[in-house]
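[1] could you work out the structure for the sequence below:
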Amino acid sequence: MQAEVFLLIAMARVSEVHVQPLVIAHERIAERRQEISHEAMRSTRLDEYHRAMSISAFIVPVPSAEALVGDLRRRFDATTELGVPAHITVLVPFMDPRHITPAVLERAQSVLNTVAAFSFSLNTVACFPTTAYVAPQPAEPFIRMTKALVEAFPDFQPYGGEHQGIVPHLTVAHGDAAEASAVAAEVQSRLDAFGAVGANCTSVVLIENSTGRWEELHVFDLPKGER
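    Numbering: from 1, shown residues only. Down below sits the predicted model:
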């Protein structure tokens, strides 16, 4: 149930999850997509999804988090090399980019208009079994956006329906439990020293991966709200 973002100390070995090259020739991508079964779409990682087929995802980029976790993401989150910024995932996987019509974009905008722009902070560090992340506070607006999109597009459940519940998070490291634990400790140390990261969510970005790299497809501005 996640997408990725965080930091660490020692030079880390690349785990088995990251063995697949991150920059792959187009023919290799096509080859790989034919080989991977439908189960691959139940993966929790943006860097794993792209190997299976062309997909898209709704995210909230958090540029203010780069100073806190950018260096760690580059070392421990493979999605950085696939063009994914520090972000909080709203919904992944979403539909094949070839099927995203103006009508789909209009429907998504209508759904997202139910959540006004809001401010949030990153001040809580936690871990999934092999992932270190920072949780946004408040989490509720992110959850509302996810639920609203799922209600409008029921064929696209968060993380392919693999996990129960919705846990908004900004991934810093993924792939190895020991590394995730060490990265979480480092992020906590930085937060203790420099304080929480503040951010504003004024839009949601739809990104797509049809080539092996994630690219921005559309930006949905949220209605103005109180901050």
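
[2] tell me, how many residues neighbour the nearest residue to residue 64 once chain neighbours are set aside?
    Excluding its sequence neighbours, the residue lying closest to residue 64 (C-beta to C-beta, 6 or more residues apart in numbering) is residue 199, at 4.8 Å. In short, each C-beta sits where N, CA and C put it, glycine included. The number of residues packed around residue 199, counting by other C-beta atoms under 10 Å, is 21.

[3] is residue 199 within a helix or a strand, and which one?
    Assigned by DSSP states H and E, residue 199 belongs to strand 197-201.

[4] tell me what that strand is packed against?
    strand 118-128 (3 or more C-beta pairs under 8 Å, 6 or more residues apart in numbering; DSSP states H and E).

[5] other residues contacting the strand it packs on?
    Strand 118-128 has contacts (C-beta atoms under 8 Å, 6 or more residues apart in numbering) with 1-2, 62, 65, 68, 132-138, 141, 169-170, 180-181, 184, 187-188, 191, 195-201, 222, 225, 227.

[6] just want the angle from that strand to strand 197-201.
    120 degrees (axes from the mean of the first three to the mean of the last three C-alpha atoms, to 10 degrees).

[7] helices along the protein, start to end?
    26-35, 46-52, 66-76, 102-112, 140-152, 177-194 (DSSP state H).

[8] just those helices: most buried one?
    Highest mean neighbour count among the helices of the chain (mean count of other C-beta atoms under 10 Å): helix 46-52, with a mean of 24.

[9] what is the neighbour count of residue 63?
    With neighbours defined by other C-beta under 10 Å, the count for residue 63 comes to 11.

[10] residues contacting it?
    85-86.

[11] what pLDDT does the model give it?
    You'll see residue 63 listed with a pLDDT of 97.

[12] pLDDT below threshold where in this protein?
    The model of the chain has pLDDT under 70 over residues 1-53, 226-227.

[13] ok, 50 please
    Filtered on pLDDT under 50, the chain yields the residue ranges 1-44, 50-51, 227.

[14] which residues does the closest residue in space to residue 215 that isn't next to it in sequence bridge with?
    Closest residue to residue 215 apart from its sequence neighbours, by C-beta to C-beta, 6+ apart: residue 208 at 6.0 Å. Counting by DSSP bridges, residue 208 forms beta bridges with residue 56, residue 215.

[15] any idea how far residue 208 lies from residue 128?
    Residue 208 sits 25 Å away from residue 128, going by C-beta to C-beta, to the nearest Å.

[16] what's around the residue nearest to residue 215, how many residues?
    Neighbourhood size, residue 208 [other C-beta under 10 Å]: 22.

[17] could you verify my assumption that it touches residue 105?
    No. Residue 208 lies out of contact with residue 105 (C-beta atoms under 8 Å); the separation is 12.0 Å.

[18] count the neighbours of residue 90 for me.
    Residue 90: 29 surrounding residues under other C-beta under 10 Å.

[19] how far is stretch 147-165 from where the chain is centred?
    With C-alpha atoms, centre = their mean, to the nearest Å as the basis, stretch 147-165 stands 15 Å off its chain's centre.
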